[in-house]
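Q: whatever this is, show me its structure:
(2 chains)
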Number of protein chains: 2
Amino acid sequence: MVASAPLRIGVAGLGTVGAGVVKLLEDNRALLTQRAGRRIEIAAVSARRRAADRGVDLSGFAWQDDPLAIADDPSIDVVVELMGGEAGPALALVERALANGKSVVTANKALLAHHGSRLGQIARQRGVGLCFEASVAGGIPVIKALREGLVGNRISRISGILNGTCNYILSTMRETGRAFDDVLADAQKLGYAEADPTLDIDGWDAAHKLAVLAGIAFGTPVDFERVYVEGIRHISPLDIEYAEELGFRIKLLGTAVRTERGIEQRVHPTMVQATEAIAQVDGVFNAVVIEGDHVGRVVLQGRGAGAGPTASAVVADLVDLATGRLSPAFVEAAEGGIGPVSMSEHDGPSYVRLMVRDQPGVIADIAAELRNERVSMEAMIQRRHHPGGAVPVVLTTHPSKEAALSRALERIGALESVLEPPRMIRIEL
Amino acid sequence: MVASAPLRIGVAGLGTVGAGVVKLLEDNRALLTQRAGRRIEIAAVSARRRAADRGVDLSGFAWQDDPLAIADDPSIDVVVELMGGEAGPALALVERALANGKSVVTANKALLAHHGSRLGQIARQRGVGLCFEASVAGGIPVIKALREGLVGNRISRISGILNGTCNYILSTMRETGRAFDDVLADAQKLGYAEADPTLDIDGWDAAHKLAVLAGIAFGTPVDFERVYVEGIRHISPLDIEYAEELGFRIKLLGTAVRTERGIEQRVHPTMVQATEAIAQVDGVFNAVVIEGDHVGRVVLQGRGAGAGPTASAVVADLVDLATGRLSPAFVEAAEGGIGPVSMSEHDGPSYVRLMVRDQPGVIADIAAELRNERVSMEAMIQRRHHPGGAVPVVLTTHPSKEAALSRALERIGALESVLEPPRMIRIEL
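A: So this is what the prediction gives:
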C-alpha cells in the first residue's frame, strides 16, 4: 500500500525518447511505485503533432497543444522536457516551469550547454530540481556517479566517448577499412546518423555534453563557448591504419581536464592506447572515464542513446524527485584560479601525417621546422618508397604546446615537397 | 557561507579504510563543505589500539576505547563502522547506533550478507539511513547506480569481478603461465592477498558482495546462505591455456540472474568471451555488469579496494546523509515467484577437462556417459598424443542442467581410463 500522493508529471515532446518514457512508466509501473514509494503518474502530454502513431497509448493523458499549458497546470509537479533545441520552445517551457515552482527533467544537452548554469540558479532559488541525467551518455548514470557517487573526490579529468554516431563511424572504418563518406552514408541508411549529420560528426553534440560534465566535475560555470570542437570528417583510413600500427585507436573524445593553467575542455579525434578500456568501446556505445584524487580511475559504459536507455535516465530523475532526493544542478565550487584555458595552451603529444615527395632532404626540412618550434619527435614512420612520387610520412611528438606545433605544421605545409595539408591527431596517454 | 549545523560522525575502526576516510575528509574539507552544503566533522574515533601510526592526525577527535560509546553519544549523527566481521562488535555497534536513531555507514559486506535485510528494516523503522556503498566494489558507485541510477529498470542480471585478489591471481597466471600456489605466494608477499587467503580465494568475499547486490537488484531478502560458492584454487595453467584457445578468459565472477525458475546467485570461476568488456579487466580492478530491461547493459569498472577508493565510497554515503538524500537499504519488491533457485537447477554451457589414458575407446566411453544424461557436446579438443600415456581431453557442452552434467562427470571420473577427477568450469555467454 502506498499512501503518498502520486507525483504528477507532464511530458512535452513525444519523439523516440518521449514515447520511451511513456512506455517505461507503463511497463514497470508496479515496480516503480514500490521503489519510489508513490505512483509516478502522467497527467498531460504535448507534442507538435497530435495524430502520429508512437506505439504507445496516450488516451489516458490530457493533451495540450501548447507545452506551456503543462508548465501552467497547478496539478502538475514535474515538467519533462523532451522537445530538444537550445532555445525556442524548450527554453521557454523550462523557464516557465521553474518560475512556476515546478521541477524539470530534461534530456536537452544543447539547452543545458547554453543556459545550464543560469537555469540551475533559478531552480535553486525556487527550491526545485533541474535534473538532466538523460542529457549525457543516455542510460549510463554518469551525472549521478560524478555528482553523488564520486562526490568525495577532487576531479582531475573526465573524458568520454559521448557521441554514438561518431563512435559507430570510427569503429566501422577501422573494422572495414572503408572511407568516412562511405561509412557515413551507410550509417544514415541504418538510422545511426541524421540526414543532416553536422551536429554529431562535427563534434557539437559531444561538446554540449562535455560542457555539462565539466560544469559538474569542476564546479565552474557551464561554458560551451570555451569548448574546443573538432569533428571526425578529416579522419582517413590511412590514419586508422597508422594508429593501429602505433598501438592506438582513434576515438572522438570529449575531455575536460584540470591543468596547472586552468580547465581545458576539448572535443577532437584522439588516439588512445589500444589496451585502454575506452579503446575497446565500439559501435554506438558510450563510455566515460572519471579520474578522482582518491578513487583513481572509474570507467562507465553503456548505451548512449535510444528510447530505452534515455528513458531509463529520465525515470531515474523522476524517482529522485518522487522520493525527495534533490541535488543541486551545479555546485559552484570556489576552488580558485581554475578558469578556462584556451586550446593554444594545450600541451600534449600528437600524431602527424604528411604526404611528401619522395626525394632527398625532405625529412631534414620537416625536422628543422619542428626543431625551430622546440617540438621534439618521438617516432617517425616512412616505409613506402616511390622515388620522385608521393609517400606518407608519419611522426609522433613528445608533449608540445599546441600553438608551437600549429606554427610548425603551418610552415611544414608550405614546404614545396609537402603535397597535402598536414593531418594532426592528438594523442592521450 | 554555510549556515547549517555540521554533520557529526564517529568512526569506529581505523585500519587502512578508516585512516583513508580521515584523510579524505581532511584533504577535501573545503570542497566537501561546498558540495554537501554543511561541514562533515569527525567527532570521535575508536579502534582496538590507540597507539599506532596511521599516517593521520587524530589529536582533534575524542578517543573512545569502546565503540559503543560512539553509538551512545547524543552529539553524534552518524556512526561509520569500519571494524569488519560478520558479527561481534561490528554487529553490536550497528544495532546500537540504529536503535539510538543514528544513521550508519559501513563497508562491512560480511555483516550485510548475514544481517542486511534485518538491519535495513530497523533503519527504515527508525527513519535513519543504513548506507554501504563501500561494501561492494570499493570506489565504484555500483550500489547507487543500481538502486538510483537504474531504478527504472527491471534487472535481469548482475555479474561482476568483485574480488581484486582473485582477479590479480588469475590475471597473473594468464600473463605468466605460472601455477596458482606460486602466484598466490607472490600476491601475499606484495600485500595483494592476506596471510590467510581463504576469504578471498575461496570466493566468500565475492559471495558476500553478490548477496548484497542481488538483494538490491531483485528486491529479494539478502540471502547469503543461498549463494553457491566456488573459489579459484583448482584453476590450473592448463585450463587458462585452453580457455585462451577457445576464445575465453577465466574470471571469478559473482552472478545473480533472474531465470524462469527463480533467482540464481553464484560465485565461481567463469569462462567469459575474451572480447567482452569484463574479460579485459585485469589485476586488482573490479567491474560490474548490470542488465536492465530498458537500459540494456551497463558496465562499471574501477578500483575495488584500497584506502582511497573505499574512503571515496564511505564519503559519498556521508554526503548523501548530510544533504538528506535517503534511500532505503533494500526495497522488498513483490515481483512474485522469484524465490531463490538451487545450483542444481542451473542450466548453461560448460568447459570440461579430463586427463585420460591415450587408448582406443576412451572418447566413446565419455561420450556415452554424456549422452546418457542428455548433455550435448559442442566442441572437443584432443591434440596431444601419447599412446598408452596420459593426455588432456577438453570439451565444451551446449547448455545443460548442472545436475545432469554433475552425474555424468561423476561416472566419467570413475572410468578406469580417466586418470584424474574431471575439472569443470562454467561458461557465461
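
Q: can you read off the pLDDT for A:Gly336?
A: Predicted confidence (pLDDT) for A:Gly336: 57.

Q: please disregard the earlier target; I meant A:His268.
A: pLDDT, A:His268: 98.

Q: the closest residue to it other than its chain neighbours: neighbour count?
A: Among residues not flanking A:His268 along the chain, A:Glu230 sits closest, at 4.0 Å (Cβ to Cβ, 6 or more residues apart in numbering or on different chains). Backbone N, C-alpha and C define where each C-beta goes, glycine included. A:Glu230 has 19 neighbours, counted by other Cβ atoms under 10 Å in any protein chain shown.

Q: surely A:Glu230 and A:Pro269 touch.
A: Yes - the criterion here is Cβ atoms under 8 Å, and A:Glu230 meets it with A:Pro269 at 6.9 Å.

Q: what's the overlap in contacts for the two?
A: Common neighbours of A:Glu230 and A:Pro269 are not found (criterion: Cβ atoms under 8 Å, 6 or more residues apart in numbering or on different chains).

Q: contacting residues around the host helix or strand of A:Val289?
A: Using DSSP states H and E, A:Val289 maps to strand A:285-292. With contacts defined as Cβ under 8 Å, 6+ apart, strand A:285-292 is touched by A:136-138, A:140, A:142, A:145-146, A:150, A:152-164, A:167, A:213, A:217, A:277-278, A:281, A:297-305, B:139, B:312.

Q: list the buried residues in it.
A: The neighbour-count criterion (16 or more other Cβ atoms under 10 Å in any protein chain shown) identifies A:Phe285, A:Asn286, A:Ala287, A:Val288, A:Val289, A:Ile290, A:Glu291, A:Gly292 as the buried residues of strand A:285-292.

Q: that older thread, just the ones of the contacts of strand A:285-292 in helices?
A: Under the assignment DSSP state H, the contacts of strand A:285-292 contribute A:Val142, A:Gly164, A:Asn167, A:Leu213, A:Ala217, B:Ser312 to helices.

Q: ignoring the adjacent residues along the chain, who's closest to A:Ile70?
A: Nearest residue to A:Ile70, sequence neighbours excluded (Cβ to Cβ, 6+ apart): A:Gly10, at 3.5 Å.

Q: who in the stretch 251-400 of chain A is up against chain B?
A: Proximity of the stretch 251-400 of chain A to chain B, by Cβ under 8 Å from any Cβ of the partner chain, involves residues A:277, A:280-281, A:292-303, A:308-309, A:311-316, A:318-320, A:323-327, A:331, A:333-335.

Q: so the residue nearest to A:Ile70 touches A:Asp72, yeah?
A: No - the criterion here is Cβ under 8 Å, and A:Gly10 misses it with A:Asp72 at 9.9 Å.

Q: neighbours of A:Glu175, how many?
A: A:Glu175 has 12 neighbours, counted by other Cβ under 10 Å.

Q: now do the SS call for the closest residue to chain B within the stretch 251-400 of chain A.
A: Per Cβ to the nearest Cβ, A:Val315 is where the stretch 251-400 of chain A lies closest to chain B, at 3.3 Å. Following DSSP: H, G, I helix; E, B strand; the rest coil, A:Val315 is assigned to helix.

Q: report the separation between it and A:Leu31.
A: Computed as Cβ to Cβ, to the nearest Å, the A:Val315 to A:Leu31 distance reads 11 Å.

Q: looking at those two, which is more packed in?
A: The neighbour comparison of A:Val315 against A:Leu31 (other Cβ under 10 Å) goes to A:Val315, with 29 against 20.

Q: quick one, helices of chain A?
A: Assigned by DSSP H, chain A shows helices spanning A:16-27, A:29-36, A:68-72, A:88-99, A:109-126, A:142-144, A:164-176, A:180-190, A:198-201, A:204-218, A:237-245, A:307-322, A:362-372, A:402-413.

Q: more neighbours: A:Gly10 and A:Asp72, which one.
A: More crowded of A:Gly10 and A:Asp72, by other Cβ under 10 Å: A:Gly10, with 28 against 16.

Q: what residues are up against the more buried one?
A: Contacts of A:Gly10 (Cβ under 8 Å, 6+ apart): A:42-46, A:64, A:70-71, A:73, A:76, A:78-80.

Q: next one: A:Leu429 from A:Ser159, what distance?
A: A:Leu429 sits at a distance of 12 Å from A:Ser159 (criterion: Cβ to Cβ).

Q: so for these two, which sits in the more crowded spot?
A: Counted by other Cβ under 10 Å, A:Leu429 and A:Ser159 do not tie: A:Ser159 has more neighbours, with 25 against 10.

Q: that one pairs with what?
A: Following DSSP bridges, A:Ser159 is listed with bridge partners A:Thr255, A:Val289.

Q: dump the contacts of A:Gly10 into CSV; add distance to B:Gly88 as well.
A: Formatted as CSV, the contacts of A:Gly10 follow (distance: Cβ to Cβ, whole Å):
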residue, distance to B:Gly88
A:Ile42, 50
A:Ala43, 52
A:Ala44, 56
A:Val45, 56
A:Ser46, 59
A:Gln64, 60
A:Ile70, 56
A:Ala71, 56
A:Asp73, 56
A:Ile76, 52
A:Val78, 46
A:Val79, 51
A:Val80, 49
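
Q: neighbouring contacts of stretch A:77-96?
A: A:7-15, A:17-18, A:21, A:67-68, A:70-72, A:97, A:102-108, A:110-111, A:113-115, A:119, A:122, A:129-130, A:314, A:318, A:321.

Q: can you list the residues of the stretch 1-150 of chain A near chain B?
A: Within the stretch 1-150 of chain A, the positions lying close to chain B (Cβ under 8 Å from any Cβ) are A:20, A:24, A:27-28, A:31-32, A:34-36, A:133, A:139-141, A:144-145, A:148-150.

Q: residues touching A:Ala47, list them.
A: A:Ala12, A:Gly13, A:Leu14, A:Gly15, A:Gly18.

Q: cool, A:Ile143 as well?
A: Contact partners of A:Ile143, counting by Cβ under 8 Å, 6+ apart, are A:Phe132, A:Glu133, A:Ser135, A:Val136, A:Val212, A:Leu213, A:Ile216.

Q: of those, just say which sits nearest to chain B.
A: The closest of these to chain B turns out to be A:Glu133 (Cβ to the nearest Cβ; 7.3 Å).

Q: show me where pLDDT drops low in chain A?
A: Within chain A, the ranges that satisfy pLDDT under 70 run A:1-3, A:334-337.

Q: could you chop it up by domain?
A: A:7-135, A:142-304+A:329-344, A:346-428 (automatic domain parsing).

Q: run the chain-centre distance for the last one.
A: With Cα atoms, centre = their mean, to the nearest Å as the basis, domain A:346-428 stands 30 Å off its chain's centre.

Q: same check, this time on the second one
A: Relative to its chain's centre, domain A:142-304+A:329-344 lies at 6 Å (Cα atoms, centre = their mean).

Q: re earlier: what's the closest non-adjacent residue to the residue of the stretch 251-400 of chain A closest to chain B?
A: Among residues not flanking A:Val315 along the chain, B:Gly152 sits closest, at 3.3 Å (Cβ to Cβ, 6+ apart).

Q: count the residues that sit near the residue lying closest to A:Arg38 once chain neighbours are set aside.
A: Closest residue to A:Arg38 apart from its sequence neighbours, by Cβ to Cβ, 6+ apart: A:Ser4 at 3.9 Å. For A:Ser4, the count of nearby residues is 12 (other Cβ under 10 Å).

Q: can you check the one 3 residues further on too?
A: Counted with other Cβ under 10 Å, the neighbours of A:Leu7 add up to 21.
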